Every structure is written in C-alpha cells, then in structure tokens.
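Asks: starting from these lines, generate the structure:
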Amino acid sequence: MIGSAIYRTHTCGDTAEAVGEDVRLSGWVHRRRDHGGLIFIDLRDRSGVVQLVFDPAVDADSHARAGRFHPEDVIRVDGTVVERDQKNRNPNIPTGDVEVRVRALEVLSAADPLPFSVEDETQEANEELRIEYRYLETRRPRRLRALEMRARLARATRAVLDDEGFLEIETPILVRSTPEGARDFIVPSRLHQGSWYALPQSPQLFKQLLMMGGVERYYQITRCFRDEDFRADRQPEFTQIDVEASFVEQEDVIGIVERLLVTLAAEAGVTLQAPFPRMTFHEAMARFGTDRPDLRFGCEIVDWTEGAAASGLGIFEKAVASGSVVRGIVFPGSGAGLSRKDLDGLVPLAQEFGARGLVWAVVDESGGLRASVKAEFLGGLTEAVGAGSGDLVCLVADGEETALSVLGALRLRLAERFGLIPEDTWAPLWVVDFPLVEWNADEERWDPRHHPFTAPRPQDVDLLDADPGAVIAQAYDVVLNGLEIGGGSIRIHDRDVQQRVFGMIGVDDEEADEKFGFLLRALRLGAPPHGGVALGFDRLVMLLLGERSIRDVIAFPKTSGGHDPLTGAPAPVDDRQMRDLGVRLVAPPEGTSA
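Replies: This next block holds a predicted model:
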C-alpha cells in the first residue's frame, strides 16, 4: 500500500509476516483494553487490524498517552513485531498470532466523541445518521470491504471486455431530454437560457450511434440518472455496465454476458455455471408470477380453475363464470404449527399485493384439510395441486394477470418467512421472448416494454400494424436469485422499422424527427445490425456480497427519500444563480403539491 515512510513502513495487515522486524504503523484506534500494567490497542487501517502493546517499562510516556486514547484517534507508532504467547493468540483475524511492542508514539489527529460506534458493526445507527457520517460508516471493515470488492469487480469487468475486443468510451452526461420511460433530471443552460440539458437515464442512443460510427464493440462503467419516485432500494443516480456490439445476434450478446458474469462471480468467491438456464417471459409469468423468478426454491403456481368451477363454492364459481382464473401455490411443510390467526393474516397480505381475497388450506396428517372455507368445497384440491401433510395451499381467484402477480409476490414473501429459500445457492436465469409492447389502458396506447429501439423478431414485423400485442421482441433479461441484474436487446437498425415502431407507440413523424432526428438520420447512412445489454453494477455487487441494499455498496448513497444528509442535497440556490440561468420559482396552483 502506498504511503510515506514518515508515516508507515508496513500496513497493519503486513505485520503477520514481519515477525522480528522493526515497523512503523499509522492508523485509527479501533479498540482499547487496559490490563493494569499493560495497555492493548487494536490499530486499524484499510488492510486490517493488529494489536499494539504499550508497556510502561519500554516507554512510560507512550503508555501514559495510550491510556487517554479515544476511539478513532489517528496515531503513528514505532515498534517491533513479536509472536504472541500461544494462549493469547486470536484465530479470528489474520494478524492474530502477532503483536507490536510499541516504543514510540505520535498522535496525528484526535477524534471527538463519535455519533455512533465504528468498532461495533452490530450497532446499527439509523440510516439518516449513517449516511450523514458516511466517512465513519466506511471505516467499518464490512463497508470498506464492499468498496474494495466493487473496485475489484470493475477492474475484472474491464479485463474481460478488453480481452473480448471492446473499447471503453465515455458518453456525454449533459444530453437532450428524450422520452425513455422515467422522468429526466433536467439542467438549465446559462448560455442558452430557456433551453435545458438532461442527465442521461442510460447511454442508449449514444451507444447505438457508436455502432453506426464503426466502433463495433463498446463498453462503459457509467453513471445513470432517473427522476423516479423513491423506493427502499432505488437511487436517483446509479452505475451500470453498458455494452454494445455490431454484427451480433442475441446468442452472441448472451454469451459475452455469461462469460463476464462467471468471471465477476468468481472474483467474489461465487461459482456460476454457464450456460445459464432460459425461460420465456410467458413461461416465467405462468409458473412464478414474475418476469424475474427466483429459482432457488420451488413453490410454482398451479392452476385449479377447473376444480374451482365444480367446487360448489359460490365465490369460485362466480369468478370462473365471469372469466377469472383460480391459481394457487403450495408451500411445503409450512402450514404445520400455524394458528388460525396466523393463517387469516395471509388474507390482508394478499390484498396488499392486489388480490380481492385469499383462500387458504392446510393439509393435516390424515390428509384432511383445515381451511378458511368449508373443506367440502375443496374436494380434490390436494391431489390436483400435489399437496401433502403439513403443506399450506394459498388460492387466489381473479383475472389471470392479477392472480399471477399476487401469487408471485406472495411466493417470495412467504418463502422468506417460512425459511424455504436455501442459503449460499445461486440461480442465474435468462428470461427471453418478451412482448415488444404492452397496453397502457390509462392513455389508451401501446408502450414499449423495454425501450422504443428494441427490434421485433423478423417474423413478427408484419404484425406491428395488425396485432402489436402479439409481436415478440429480441429482448433478454438476466436474473440472479430473483433480482434482475441486467437487460438488453437487439436494436432496430432499419429506419423504416424504427418509424413504424414509433408510430405504433404514438410518436408521429414530426415528434420522432424533433426528438430522435439525429438517430433517424444515422439509420439512413448505413447502420449495422447491433445489440447490447446494461448490467446493474450496484445490484450485482450487492448480491455477490450478500448485502440487502444497494446503499450498502455505494460510497455516498442517498436515503430512500433521495436526500443526502451528508451534503444537504438537494438544496435551494441563491437568487443570483437563478437570475444567471433565467429561471425563477413559481408557486404551484392552489390545491396542488409542489
């Protein structure tokens, strides 16, 4: 590790291999223990922790000052590395067999009382406080290791893609606002008052233009920005691995991504086996109720519509007669020991996910049922859905899309609650054959499921006008343990097809030329077939490290509400800045929110 000899000749982690050597170390006071005559200090730097021993017989002044140390004081020591007594060795740390006998000390920086403990990583301060003092949070070894792993994965990404012949190219941060699904962050221009830049949601158009520019293979580890409503695990700025290549088909892109992901996982000590399994969008929805299924466990959705129609239960019979379906999930062994109160509590949970109601049933040891309805209405259920003793069955009657969505969410929530998801298991998956568009009932139009530059399958081009909902896209998502970690597509390289897709989603020629004229012009000047993918780098690092939030692997994250307590962003700017930009604040109309 780089450092001046004024401050260090070794790092704390190096001391394990330096027995008998004189060393100079610098770092933070991690922990102090006063054992009467001797004072023990755990000194920490990025490489790890080592135990220092202050003996008054060696240096009385250093010993006296060590007794007054505060947590996170920054110190420099000179001393000799010696082996610990056998009984005092610590097998839990790499330097646990050695200690440094200190003969000189200098305090480089004293620390005030801390807002939370750095030493005790189990002491979880509230999120707002931890982000406000992020520089303290990153001193915790777990957070520091996340940043180290992030750097290693970025380095490995570059190595893999460099070997594949890709060029790393930066694309602009100040761009034109274009409709890509989410809201843009917009930036006023001082020199062109009344006009605005946008921060890119992705480099989508630029990477396509690079393909049209003959680059053929591009990548970038890039920052992206989306002004979305905030959720627990979403950030307004995030990082993705962006990849694009010319003269490729879907199989080529999938192969490149698999080679990259296998390498990145191995860097984190995780083994992924390629080729990854594949599943069509419609199969994923039918079996798991989501287009990003978690394949680490079963509990697939089953169809009981036919049995429900003949059950004699009015709510089922009416639902089926009106065109609804009855779908269910079996949670093996999960019903045993649940009280009536526990089981009835599943109903509001299903309603939270969008269901009108839920029927539950538990199979007892004799094969009978205790259920939320009379068991006589559930004749043949256990055989039809494959349920056995102790199993819990949850049934939803609704429109097919709603029933699948509800059960997909319920599957994940209850599998976690009942401990059905195996640990240290990795289940990658490609989901393919997505519909090109989906119907927006509120605005009565077709919306692109991915983005408007995704190519339809060649055999489906004639359906663009006749039956848009039947068109299958050349799109693919890669999923790991139930989280989408990337998505991409083969792009449209034919100008006429691009204009037809624009027309299908309600973008007329005038609007298309205004917002995407530069792309349409490029398509007229010799565009190669091309395609690519974007991988969510934050989410991938989070998964491989076993963290539960992307904020845990980002150096300076925002809160779940998009606020930065560290710097106070977002914040008002002064009137002079506003005048220079030709911008002023206008109060929202009465009765509306700002």
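Asks: and the helix or strand encompassing L395, how far out from the chain's middle?
Replies: If you go by DSSP states H and E, L395 is part of strand 392-398. Centre-to-centre, strand 392-398 and its host chain are 30 Å apart (CA atoms, centre = their mean, to the nearest Å).
Asks: also stretch 70-84?
Replies: Worked out by CA atoms, centre = their mean, stretch 70-84 lies 39 Å from the chain centre.
Asks: before we move on, the earlier item: what lies in contact with the strand holding L395?
Replies: 304, 308, 315-316, 319-320, 324-331, 334-335, 338, 343, 346, 350, 355-363, 381-382, 385, 387, 402-403, 406-407, 410, 414 (CB atoms under 8 Å, 6 or more residues apart in numbering). Placement of C-beta: from N, CA and C, glycine included.
Asks: can you name the element that comes right after it?
Replies: helix 400-417.
Asks: let me see the mean pLDDT of the helix or strand following that next one.
Replies: Downstream of helix 400-417, the first helix or strand assigned by DSSP H and E is strand 428-432. When pLDDT is averaged over strand 428-432, the result is 98.
Asks: tell me the buried residues in the next helix or strand after strand 428-432?
Replies: Moving toward the C-terminus from strand 428-432, the next helix or strand (DSSP H and E) is strand 437-440. Under the neighbour-count criterion of 16 or more other CB atoms under 10 Å, strand 437-440 has V437 buried.
Asks: please renumber the chain so that the first residue is 478 from this point on.
Replies: Happy to do that; since the first residue is 478 now, the last one works out to strand 914-917.
Asks: name the residues that touch strand 914-917?
Replies: Contacts of strand 914-917 (CB under 8 Å, 6+ apart): R922, W923, D924, P925, R926, P945, G946, V948, M981, I982.
Asks: same thing with stretch 956-965?
Replies: 718, 720, 730, 734, 738, 767-773, 889, 902-908, 927, 952-955, 1008-1013, 1016-1017, 1020.
Asks: same thing but 6 Å
Replies: Stretch 956-965 has contacts (CB atoms under 6 Å, 6 or more residues apart in numbering) with 769, 771, 904-906, 954-955, 1009-1010, 1012-1013, 1016-1017, 1020.
Asks: and the two most separated of these?
Replies: D771 and G1009 (25.7 Å; CB to CB).
Asks: same drill for these two, tell me which one is more crowded.
Replies: Each of D771 and G1009 has its neighbours counted (other CB atoms under 10 Å); G1009 has more, 25 against 22.
Asks: and that one, bridged to which residues?
Replies: E721, S966 (DSSP bridges).
Asks: for it, what are its contacts?
Replies: V720, E721, G965.
Asks: most neighbours among those residues, please name it.
Replies: Neighbour-wise, the contacts of G1009 (other CB under 10 Å) top out at E721, 29 neighbours.
Asks: biggest strand in the protein, by residue count?
Replies: strand 499-512 (DSSP state E).
Asks: and that strand, what does it pack against?
Replies: strand 515-522, strand 551-560 (3 or more CB pairs under 6 Å, 6 or more residues apart in numbering; DSSP states H and E).
Asks: which positions in the shortest one come out as buried?
Replies: Going by neighbour count (16+ other CB under 10 Å), the buried part of strand 515-522 is I516, F517, I518, D519, L520, R521, D522.
Asks: ok now the helix or strand following that strand, how far from the chain's centre?
Replies: Using DSSP H and E, the helix or strand that follows strand 515-522 in sequence is strand 525-531. Distance, stretch centre to chain centre, for strand 525-531: 37 Å (CA atoms, centre = their mean).
Asks: for the lengthiest helix in the chain, what is the average pLDDT?
Replies: Using DSSP state H, we find that the single longest helix of the chain is helix 618-640. For helix 618-640, mean pLDDT is 96.
Asks: output the contacting helices and strands for it.
Replies: Using 3+ CB pairs under 6 Å, 6+ apart, the elements in contact with helix 618-640 are helix 727-744, helix 1014-1022.
Asks: any chance of those in JSON lines, plus distance to E991 and mean neighbour count?
Replies: JSON lines is the format used below for those (distance: least, CB to CB, whole Å; neighbours: other CB atoms under 10 Å):
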{"stretch": "helix 727-744", "distance to E991": "31", "mean neighbour count": "18"}
{"stretch": "helix 1014-1022", "distance to E991": "33", "mean neighbour count": "23"}
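Asks: tabulate those helices (TSV), appending distance to G573.
Replies: Putting the helices and strands packed on helix 618-640 into TSV (distance: least, CB to CB, whole Å) gives the following:
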stretch	distance to G573
helix 727-744	26
helix 1014-1022	24
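Asks: narrow the contacts of strand 914-917 to those in strands?
Replies: Using DSSP E, the contacts of strand 914-917 in strands are R922, W923, D924, P925.
Asks: distance of the last one from I663?
Replies: I take that to be P925. Distance, P925 to I663, by CB to CB, to the nearest Å: 22 Å.
Asks: and these two? which has more neighbours close in?
Replies: Looking at P925 and I663 with other CB under 10 Å, you find the greater number of neighbours at P925, namely 21 against 11.
Asks: residue ranges with poor pLDDT in the stretch 678-827 of the chain?
Replies: Counting by pLDDT under 70, the stretch 678-827 of the chain has low-confidence residues at 707, 709.
Asks: list the contacts of P1042.
Replies: Counted by CB under 6 Å, 6+ apart, P1042 has contacts E605, I608, E609.
Asks: excluding covalently adjacent residues, which one is nearest to it?
Replies: E609 (3.7 Å; CB to CB, 6 or more residues apart in numbering).
Asks: pretty sure that neighbour is touching G1045, no?
Replies: No - using CB atoms under 6 Å, E609 makes no contact with G1045, being 9.4 Å away.
Asks: ok, those two, which is more surrounded?
Replies: Higher neighbour count among E609 and G1045: E609, with 20 against 10, using other CB under 10 Å.
Asks: returning to that earlier point: of the contacts of P1042, closest to F993?
Replies: I608 (38.1 Å).
Asks: for that closest one, what are its contacts?
Replies: Contacts of I608 by CB under 6 Å, 6+ apart are T1036, P1042.
Asks: roughly how far apart are Q750 and D555?
Replies: Taking CB to CB, one finds Q750 at 51 Å from D555.
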